[in-house]
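K.L.:
quick one: sequence plus predicted model below, questions after.
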Number of protein chains: 2
Amino acid sequence: MRLLIAKCEVVYQGRLGAHLPPAIRLVLLKADGSIAVHSDTKAYKPLNWMSPPCEIIETEEKITVTKAKGERLDITLHEVLSDYRIDMGEDPGLAKDGVEAELQALLRDRLNMMEDGLTLIRREYPTDIGPVDFLCRDTAGETVVIEVKRIGEISGVEQLVRYRDRLSLDPLLAPLRALYVATKIKPQAKVLAESQDIRCVEIPLEKLRETEGTRLSLF
Amino acid sequence: MRLLIAKCEVVYQGRLGAHLPPAIRLVLLKADGSIAVHSDTKAYKPLNWMSPPCEIIETEEKITVTKAKGERLDITLHEVLSDYRIDMGEDPGLAKDGVEAELQALLRDRLNMMEDGLTLIRREYPTDIGPVDFLCRDTAGETVVIEVKRIGEISGVEQLVRYRDRLSLDPLLAPLRALYVATKIKPQAKVLAESQDIRCVEIPLEKLRETEGTRLSLF
DNA sequence: AGGTGTATGTCGCAT
DNA sequence: ATGCGACGTACACCT
């Protein structure tokens, strides 16, 4: 990694055009071939950047970065205040939990936490407007379309309505109803869901984790 | 701005959980009160971060960051390799040339590229759920509700459906139909649009730029 | 390579 | 505060 602190001017031309007047900034050149220009504001976001693969050409007073599709970043260095390099070695990487993928994996083995007696027809059931998280059958033999979200917001309800409408065109799946599952569902999303005859189920992550899965409990 | 390079271990608990095993990383503390942990990969994204407002408490071997809503970032410093501070002064900020705005401006003078014989009733026609990009009349005297997007995705279709539903309540505007215009429209959005009787028109940006506007050609 | 959905998305702006 | 749309969204995952 290379940390270059300099008074510089930046021009980006690509998906849009952008210009940065001269000021002192941090230019961050990573080992992955990326480059980013940071000011002392904007939290974690750089003012300008280019992600790999890109070509970085450097002279005494200019860094020119180009990408395949005609994108271009020009950094004019007016004064270099510091130029520091360090070898960081390999990064062991990041472990995450609590994302939608984990939720789905947990729920797959705990279908009964969403509703008693559900059996799985298919996970990621494909439709031509996108995949349904879970397609299940209930004890009465009705098909249940399920959308899972980490945080249940309005847009998720709309997504679910689309899936239900789309699948209701298929006579093999009728009759059909929908279920909205999230660790937390926002009040307005609940209102919208209920107005669309969609049942909401909130399952806190801790509760999911502390229980054994249905599948496991069979053995 | 402060650039801290250290062998460190990071734990984030908040909207999700994340853990970083010990390794050499860059800890970036900005004047805006933000903090970000960067590795030598991942292009412009930090591995972990916290944006302001947040409270940063530092001891010899630990940085603890907390936010109002129970978010928490713990950085354990095993070995500090470098600790550099610099005053960057005010940043003059970023000037951008928008693309969405340009697209609309170009189309306004080229209504016939969306559909032959359109006349403009109003741009940014106001409704109580937001402004319609273009409201036009066609050769048959029908009102046409138009939504313009740079990239045509499903959510744009939904937006357009809401506008059409809303405006169809106004007897002065009936009969009414909708048109979805974008430089590129995604397949799933097309499917949804057509199922809602919405016509899709794709107009590449280059094509827009190379043509003269209708308005101009009148003179 | 292109399409789709997720994100600790973030960032504005309007309500 | 919440909702909604835009972003050079970036990014992983799939065909």
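P.N.:
That came through fine.

K.L.:
and the pLDDT at the residue in chain A sticking out farthest from the centre?
P.N.:
Distance from the C-alpha centroid of chain A peaks at A:Glu60, with 39.4 Å (C-alpha atoms, centre = their mean). pLDDT recorded at A:Glu60 is 91.

K.L.:
residues contacting A:Val11?
P.N.:
A:Gly17, A:Ala18, A:His19, A:Leu20, A:Leu73, A:Asp74 (C-beta atoms under 8 Å, 6 or more residues apart in numbering or on different chains). Where you see a C-beta, it was placed from the backbone N, CA and C, and this is true even at glycine.

K.L.:
which one of those residues is nearest B:Ala174?
P.N.:
Nearest to B:Ala174, judged by C-beta to C-beta, of the contacts of A:Val11 is A:Gly17 at 42.4 Å.

K.L.:
what about the nearest residue to that closest one once chain neighbours are set aside, how many residues nearby?
P.N.:
Using C-beta to C-beta, 6 or more residues apart in numbering or on different chains and skipping the chain neighbours, the partner closest in space to A:Gly17 is B:Asp97 (4.0 Å). The tally of other residues near B:Asp97 (other C-beta atoms under 10 Å in any protein chain shown) stands at 11.

K.L.:
who in chain A is up against DNA strand D?
P.N.:
A:12, A:14-16, A:18, A:48-51, A:67, A:71, A:73, A:153-155, A:186-189 (C-beta under 7 Å from any atom of the strand).

K.L.:
how's chain A carved up into domains?
P.N.:
Here the domain parsing of chain A from automatic domain parsing is A:2-85, A:100-217.

K.L.:
among those domains, which gets the worst mean confidence?
P.N.:
Across the domains of chain A, domain A:100-217 gives the lowest mean pLDDT, at a mean of 89.

K.L.:
picking up where we left off before, wait, the residue nearest to A:Gly17 sits on A:Gly14?
P.N.:
No: contact criterion C-beta atoms under 8 Å: B:Asp97 and A:Gly14 do not qualify, at 11.0 Å.

K.L.:
rewinding a little: so how far is B:Ala105 from the residue nearest to A:Gly17?
P.N.:
12 Å (C-beta to C-beta, to the nearest Å).

K.L.:
for chain A, which segments count as strands?
P.N.:
A:2-13, A:17-29, A:35-38, A:48-50, A:55-58, A:62-66, A:72-85, A:95-97, A:119-127, A:130-137, A:143-152, A:176-185, A:198-202 (DSSP state E).

K.L.:
deepest in the core, which of the ones you listed is it.
P.N.:
Between the strands of chain A, strand A:35-38 has the highest mean count of neighbours, a mean of 24, where neighbours are mean count of other C-beta atoms under 10 Å in any protein chain shown.

K.L.:
helices and strands around that one, which ones?
P.N.:
strand A:17-29, strand A:48-50 (3 or more C-beta pairs under 8 Å, 6 or more residues apart in numbering or on different chains; DSSP states H and E).

K.L.:
partner strands of the longest one, with direction?
P.N.:
It refers to strand A:17-29. Using DSSP bridges, the strands paired with strand A:17-29 are strand A:2-13 (antiparallel), strand A:35-38 (antiparallel), strand B:95-97 (antiparallel).

K.L.:
what angle separates that strand from strand A:72-85?
P.N.:
Angle, strand A:17-29 to strand A:72-85, by axes from the mean of the first three to the mean of the last three C-alpha atoms, to 10 degrees: 20 degrees.

K.L.:
ok, is strand A:17-29 in contact with DNA strand C or not?
P.N.:
No: using C-beta under 7 Å from any atom of the strand, we find that strand A:17-29 stays clear of DNA strand C, coming within 13.2 Å at best.

K.L.:
around DNA strand C, which positions in chain A sit nearby?
P.N.:
So chain A meets DNA strand C at A:42-45, A:96, A:99-101, A:129-131, A:133, A:150-151, A:159 (C-beta under 7 Å from any atom of the strand).

K.L.:
and which of those residues is nearest A:Ala193?
P.N.:
Nearest to A:Ala193 among those, with distances taken as C-beta to C-beta, is A:Gln159, at 11.3 Å.
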